[in-house]
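Engineer: coords please:
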Amino acid sequence: MPKQPRMPNMQQMMQQVQKMQKDIEVAQEELKNEVVEASAGGGMVTVKVSGDQVLREVRIDPAAVDPQDVEILADMVLAAVNEGLRKAQELAASKMGGATGGLDVGGLGDLGLPGL
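Structural biologist: Residues are numbered from 1 along each chain as shown. This is a model prediction of the structure:
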């Protein structure tokens with residue numbers, strides 16, 4: 001006679017989900033304090049973005065300011081900000097992957113659990 005599969009222990013599963021939720025909350029809080037830096041135009045424009053994807057600082061070298069060609073400066077700012085956001089997303093993915101043990105929790109949001 002084939003063995004019946006064991007039913008998962010719901011209490012144990014809920015404890016694991018609650019621990020994962022707490023780990024995610026801690027990781028999200030830590031991300032607010034971590035900052036990545038990106039630059040464009042050979043360092044003429046530098047930005048700092050926090051791990052929770054908030055633009056914290058923009059530095060522009062005065063040599064980058066040419067009143068006759070503001071479009072180049074705008075392009076450098078745009079490139080630096082986009083690179084900073086990309087780095088912040090990578091940082092967040094790395095940090096959150098550690099909090100979830102590499103588990104993709106995208107579908108858990110449908111369970112109505114707070115924070116997921």
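
Engineer: which strands and helices lie in contact with the helix or strand containing residue 26?
Structural biologist: When elements are defined using DSSP states H and E, residue 26 is found to belong to helix 10-33. Using 3 or more C-beta pairs under 8 Å, 6 or more residues apart in numbering; DSSP states H and E as the contact criterion, the neighbours of helix 10-33 among helices and strands are strand 45-50, helix 70-99. Every residue, glycine included, has its C-beta placed from N, CA and C.

Engineer: out of those, deepest packed?
Structural biologist: Per residue and on average, the most neighbours among the helices and strands packed on helix 10-33 fall to strand 45-50, with a mean of 21 (mean count of other C-beta atoms under 10 Å).

Engineer: restrict that one to CA atoms and write it as PDB.
Structural biologist: The C-alpha coordinates for strand 45-50 follow below in PDB (Å, rounded to 0.1, in the frame of the first residue of the first chain):
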ATOM      1  CA  VAL A  45      27.600  64.100 -11.800                       C
ATOM      2  CA  THR A  46      27.400  61.900  -8.800                       C
ATOM      3  CA  VAL A  47      24.300  60.700  -7.000                       C
ATOM      4  CA  LYS A  48      23.700  58.800  -3.800                       C
ATOM      5  CA  VAL A  49      20.600  56.500  -3.500                       C
ATOM      6  CA  SER A  50      19.500  54.700  -0.400                       C
END
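
Engineer: pLDDT weak spots in this structure?
Structural biologist: In the predicted model of the chain, residues 1-2, 99-116 satisfy pLDDT under 70.

Engineer: how far does the helix holding residue 26 sit from its chain's centre?
Structural biologist: Shown here is helix 10-33, whose average C-alpha point lies 16 Å from the average C-alpha point of the whole chain (C-alpha atoms, centre = their mean, to the nearest Å).

Engineer: what's the angle between it and helix 70-99?
Structural biologist: Relative orientation of helix 10-33 and helix 70-99, computed by axes from the mean of the first three to the mean of the last three C-alpha atoms, to 10 degrees: 150 degrees.

Engineer: residues of the helix or strand following helix 10-33 that come out buried?
Structural biologist: The element immediately downstream of helix 10-33 (helix or strand, assigned by DSSP H and E) is strand 35-40. Neighbour counts over strand 35-40 (16 or more other C-beta atoms under 10 Å) mark 35-36, 38-40 as buried.
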